[in-house]
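[1] Have a look; sequence and predicted model below, questions after that.
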Amino acid sequence: MIGLISATAAGAAARDRLAAAWPDRTRVYDGPVADAVRTAFAECDRLVCFLATGAVVRLVAPLLHGKTDDPGVVCVDEAGRFAVSLLGGHGGGANELAREVGEVLGAEPVVTTATDAVGLPGLDTLGLPVEGDVAAVSRALLDGEAVALRAEVTWPLPPLPVAAEGAYTVRVTDRLVEPGDGEAVLRPPTLVVGVGASKGAPVEEVLGLVGDALREAGLSAASVAELATVDAKAGEPGLVEAARRLGVPLVTHPAGELARVEVPNPSDAPLAAVGTPSVAEAAALVGGGELLVPKRKSAGYPAMATCAVVRRPGRGRLAVVGLGPGARDLLTPRARDELRRASVLVGLDQYVDQIRDLLRPGTRVLESGLGAEEERARTAVEEARRGQAVALIGSGDAGVYAMASPALAEASDDIDVVGVPGVTAALAAGALLGAPLGHDHVSISLSDLHTPWEVIERRVRAAAEADLVVTFYNPRSRGRDWQLPKALAVLAGHRAPATPVGVVRNASRADESVRLTTLAALDPATVDMMTVVTVGNTATRDIAGRMVTPRGYRWQEETR
Ligand code: SAH
């Protein structure tokens, strides 16, 4: 029985929702709160208190007996935002209850016992089909029990707290297996089924063929990633419908491309019909991989379909993740998800420090100091090639003067790449300054480490002539002090001395500073590598201490 205790009207409303959701499992304890908690503590095996944690701590403290006897206690805050597992997380079942209460009330479960606190992935949240004893294995993972991983195929899994041996197993396979007790089977999409079909081939014939081929080879339909065929058959109804029923895409390739694939069983019929000596085998093999089922024909007479099955090579996953300018709440939820999705994290040590608390236990962290950019990029790509789920991180947006380009320059198409945009420094600074980017704007890095100064200066001049708002990244360092004055001088050739200039240092970090000055008054000595400098165009104004670039020049004329 779950005892429910509340004190306020909001608490009572939430309590009633829970009671209505679980009429048989709950009992409401009314009356003075202290008495209600005491009675419920004695009578129930779990409690949900719609009270402050402090109040509950004081009330239950004198009642505590021991970890094995005490009921689990969950607190829900006044606004119903959090369901806090306060006492008896594992033994008392409070962690599980906090999650359940969270689901009913739309509250976030807050759990502080070690394994739960870090939000280990539920096996059913990995985006892969999962079979077998999923509930037991998920619980074992959550409770920190030993769970062994048996990966028969390479797949970029998130970090799972797995041991060498254990009573529970997570098995990663595309083979047909009967999951045992305490075993969960993950089905990675490793299989490509190449299919050929004569005009009008019935869907049942195609599905029967594919089903038999998989079953006889001991392979699971849940691991089929796609049906593949030749372009000419893209609209063949039996194939289109078969793919739909299997829940996979029908991928097509040009006949010329298929003709170049080496296959064990070429024949003349498809060559005459569609221009390649093999459709099923070639379409299955075109992306590489191991041929598990050579071409076979359907049972119909005449046979109207062919198929072949290939296990494609394991593909790693590289997520290029922008962390934003610094503040945690400027890190996007998607970036957070990707950080937790990765089993290997690659990045500059100072950026790793920024998000270390978000990583799941077991995440392999490969951090390095300033410089070493190329090496970091190469490491990330190599790890992904090995089939890992890798996150490569950068501050701001990882594609802006950062790691995305060197990494993707190294990568070939044998890995999957996912980009997560981040709030770049120019935008973080813009929001602090006002609205400096209200019209056309450009970012220019003043670092001449990799770019000749002549090129940089030419771009600054072009921006000056085009009257673009300019944000300077990497504006000035100890060893590079003349570039910023030079660039400002070029802009000053086209803009008034009173043109607003925003200087933002450490945007959204602890020692953030924001200054609004002018082209004439800016002191370059106040600028360093933690700073961006945004120079307005000829229409930008200082309005009430905020930097504002009008959206259009009509407005500018009206306000003049
Ligand atoms: N990828 C990053 C930029 C890397 S280049 C991004 O998208 O923001 C490094 C330069 O970015 C620094 O020299 C500085 O000019 C600027 N920068 C990065 N973070 C900043 C912040 N929080 N505040 C101000 N400038 C920042």
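    Structure's in. What do you need?

[2] Could you measure from Arg328 over to Leu339?
    12 Å (C-beta to C-beta, to the nearest Å). Every residue, glycine included, has its C-beta placed from N, CA and C.

[3] ok, now Ala391?
    6 Å.

[4] Is the nearest residue to Asp268 once chain neighbours are set aside within a helix or a strand, and which one?
    In space, and not counting its chain neighbours, Asp268 is closest to Pro277: 7.2 Å by C-beta to C-beta, 6 or more residues apart in numbering. Under DSSP states H and E, no helix or strand contains Pro277.

[5] Contact partners for Pro277?
    Pro277 is in contact with 259, 263, 266-268, 270-271, counting by C-beta atoms under 8 Å, 6 or more residues apart in numbering.

[6] Select from these every entry located in helices.
    When DSSP state H defines the helices, the subset of the contacts of Pro277 inside them is 259, 268, 270-271.

[7] coming back round to it: settle it for me: which of Arg328 and Leu339 has more neighbours?
    Leu339 (22 against 13; other C-beta atoms under 10 Å).

[8] Surely the more buried one and Val390 touch.
    No - the pair Leu339 / Val390 is not scored as a contact, 11.2 Å apart, by C-beta atoms under 8 Å.

[9] And the pLDDT for the residue in the stretch 201-350 of the chain positioned nearest to the ligand?
    Per C-beta to the nearest ligand atom, Pro325 is where the stretch 201-350 of the chain lies closest to the ligand, at 3.6 Å. pLDDT for Pro325: 97.

[10] rewinding a little: so for Ala391 and Leu339, which residues contact both of them?
    Counting by C-beta under 8 Å, 6+ apart, the residues touching both Ala391 and Leu339 are 321, 345.

[11] what about the residue nearest to Asp268, distance to Glu262?
    10 Å.

[12] mind listing the helices for the stretch 51-200 of the chain?
    Using DSSP state H, counting those that start in this stretch, the helices assigned to the stretch 51-200 of the chain run over residues 53-60, 94-105, 114-117, 134-142.

[13] The stretch 451-560 of the chain too?
    Under DSSP H, counting those that start in this stretch, the stretch 451-560 of the chain gives helices at 453-465, 483-492, 553-559.

[14] Ok, the stretch 201-350 of the chain next?
    Using DSSP H, counting those that start in this stretch, helices in the stretch 201-350 of the chain cover 203-216, 237-246, 255-259, 268-274, 280-285, 333-341, 349-355.

[15] Need these in TSV (columns: mean pLDDT and distance to the ligand).
    Putting the helices of the stretch 201-350 of the chain into TSV (pLDDT from 0 to 100; distance: least, C-beta to the nearest ligand atom, whole Å) gives the following:
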stretch	mean pLDDT	distance to the ligand
helix 203-216	97	46
helix 237-246	97	41
helix 255-259	96	38
helix 268-274	89	48
helix 280-285	97	40
helix 333-341	91	13
helix 349-355	92	10
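
[16] Buried deepest among those helices, which one?
    Highest mean neighbour count of those: helix 280-285, a mean of 29 (counted as mean count of other C-beta atoms under 10 Å).

[17] Tell me which residues touch Val442, please.
    Val442 sits in contact with 459, 463, 468-471, where contact means C-beta under 8 Å, 6+ apart.

[18] Need the nearest residue in space to Ala232, chain neighbours excluded.
    Nearest non-adjacent residue to Ala232 (C-beta to C-beta, 6+ apart): Val274, at 4.6 Å.

[19] for Arg317, what are its contacts?
    Contacts of Arg317 (C-beta under 8 Å, 6+ apart): 156, 384, 388-390, 415-418.

[20] what's the lowest-pLDDT member of those?
    Among those, Pro156 has the weakest pLDDT, 89.

[21] before we move on, back to that, is it possible to get the helices of the stretch 201-350 of the chain out as CSV so that each row also shows distance to Ala435?
    Converted to CSV, the helices of the stretch 201-350 of the chain look like this (distance: least, C-beta to C-beta, whole Å):
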stretch, distance to Ala435
helix 203-216, 57
helix 237-246, 49
helix 255-259, 51
helix 268-274, 58
helix 280-285, 53
helix 333-341, 25
helix 349-355, 28
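
[22] Those helices: which one's closest to Asp174?
    helix 203-216 (9.5 Å; C-beta to C-beta).

[23] Tell me who's in contact with the one residue in the stretch 301-450 of the chain that gets nearest to the ligand.
    Going by C-beta to the nearest ligand atom, the ligand is nearest to Gly396 of the stretch 301-450 of the chain, at 2.0 Å. Going by C-beta under 8 Å, 6+ apart, Gly396 touches 322-325, 402, 422-425, 428.

[24] run the last query once more with 10 Å
    322-326, 330, 351, 402, 421-428, 473, 507, 532 (C-beta atoms under 10 Å, 6 or more residues apart in numbering).

[25] ok, now Val153?
    172-175, 186-188, 190-191, 223, 311-314, 387.

[26] If burial is judged by neighbour count, which of these pass?
    For the contacts of Val153, a burial check counting by 16 or more other C-beta atoms under 10 Å picks out 172-175, 186-188, 190-191, 223, 311-312, 314, 387.

[27] Just give the closest residue to the residue sitting nearest the centre point of the chain, not the sequence neighbours.
    Centroid-nearest residue in the chain, with C-alpha atoms, centre = their mean: Glu338, separated by 2.6 Å. Nearest residue to Glu338, sequence neighbours excluded (C-beta to C-beta, 6+ apart): Ala319, at 4.3 Å.

[28] Just give the number of residues close to the one you found.
    With other C-beta under 10 Å as criterion, Ala319 counts 26.

[29] Could you measure from the residue nearest to Ala232 over to Gly238?
    In terms of C-beta to C-beta, Val274 sits 15 Å off from Gly238.
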